[in-house]
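Student: Next comes the sequence, and after it the predicted model I'd like to discuss.
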Amino acid sequence: MDGLLSFRDVSLRFGGVIALDAVSFSVLPRAICGLIGPNGAGKTSLLNCLCRLYPCSGNIEFGGRSILEEPSHRIAALGIARTFQNVALFDAMSVLDNVMLGGHCHGHSGTLANLTRWTSALREEHAIRQRADEMIALLQLDQVAQVPAGELTFGMRKRVELARALAVGPRLLLLDEPAAGLNHEEVETLRLLIQGIRDRFKLTVLLIEHHMNLVMRVSDQVVALDFGRKIADGSPQSVQEHPEVVRAYLGHAS
């Protein structure tokens, strides 16, 4: 089976600094792939290349075709949604309005249609609202749907961002350190949530995470980076025991 997502010799430089060095791997449809590595390994840089925020060499294929010519504002419409390490919400807007933004990437009504409230625009807005309501219910945010996002706790804000990503209706969900700031019980809830979302929506998930217990329990595949290079790719157990992975995290091989 071909990968839904493939990185082929992806390289990225910032001046004389090599952020990514010919990284290649593929992720199968409906798999959860954990992307691990020490700070500065290139994990978020790889996601930024995928989302077309950084120019890179090599190739990135999604659904069997290259996306390197796509502008960043078209990535969500292709079926790729993302959460961020530092939550990126519009604090003055309500939870509902933030989540609805995720659905607007598929909107086709023009400015005139929206200003004059044409039937097509109203129908489209209703569908976006319905999808947002479903994601708010799924993430148990009903009680705060009308609350400005800036008034919520960090953990709640992360759930809002995830709901917004799901409102896109993605085929590929990118999660950048979703367990940051969560306690042990919350991490276990997150694990079940990620697996449940994958199964319910038949998604592929690419997960950046430092919480090793979560990565190893939730992932079907784990890819390890260090200093911009891929050092391991395989099952959670094989990657966890790989000598270069042990060296990257502990400073020596066991």
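Tutor: Structure received. Numbering: from 1, shown residues only.
Student: Please name the spatially closest residue to residue 20 (chain neighbours excluded).
Tutor: residue 12 (4.1 Å; CB to CB, 6 or more residues apart in numbering). All C-beta spots, glycine's among them, are computed from the backbone N, C-alpha and C.
Student: My read is that the one you found contacts residue 19, right?
Tutor: Yes: Residue 12 lies in contact with residue 19 (CB atoms under 8 Å); the separation is 4.4 Å.
Student: So for these two, which residues contact both of them?
Tutor: Common neighbours of residue 12 and residue 19, using CB atoms under 8 Å, 6 or more residues apart in numbering, are 42, 45, 228.
Student: Residue 191: helix or strand, and which one exactly?
Tutor: Here residue 191 sits within helix 184-201, counting by DSSP states H and E.
Student: Same question for residue 12.
Tutor: Using DSSP H and E, residue 12 maps to strand 5-14.
Student: Check residue 81 too.
Tutor: Using DSSP H and E, residue 81 falls in strand 80-82.
Student: Can you point out the buried residues in that strand?
Tutor: 80, 81, 82 (16 or more other CB atoms under 10 Å).
Student: which residue ranges form the helices in the stretch 51-200 of the chain?
Tutor: For the stretch 51-200 of the chain, the helices defined by DSSP state H, counting those that start in this stretch occupy 75-78, 95-103, 111-115, 119-138, 154-167, 184-201.
Student: Quick check: the gap between residue 37 and residue 215.
Tutor: Distance, residue 37 to residue 215, using CB to CB, to the nearest Å: 11 Å.
Student: Now that we're looking at the residue lying closest to residue 8 once chain neighbours are set aside, what pLDDT does it have?
Tutor: Nearest residue to residue 8 in three dimensions, chain neighbours excluded: residue 59, at 4.4 Å (CB to CB, 6+ apart). Note for residue 59: predicted pLDDT of 98.
Student: list the contacts for the residue nearest the centre of the chain?
Tutor: The structure's the chain has its C-alpha centroid closest to residue 174; by CA atoms, centre = their mean the separation is 1.3 Å. Listed by CB under 8 Å, 6+ apart, the contact partners of residue 174 are 47, 50, 51, 80, 81, 82, 83, 165, 205, 206, 208.
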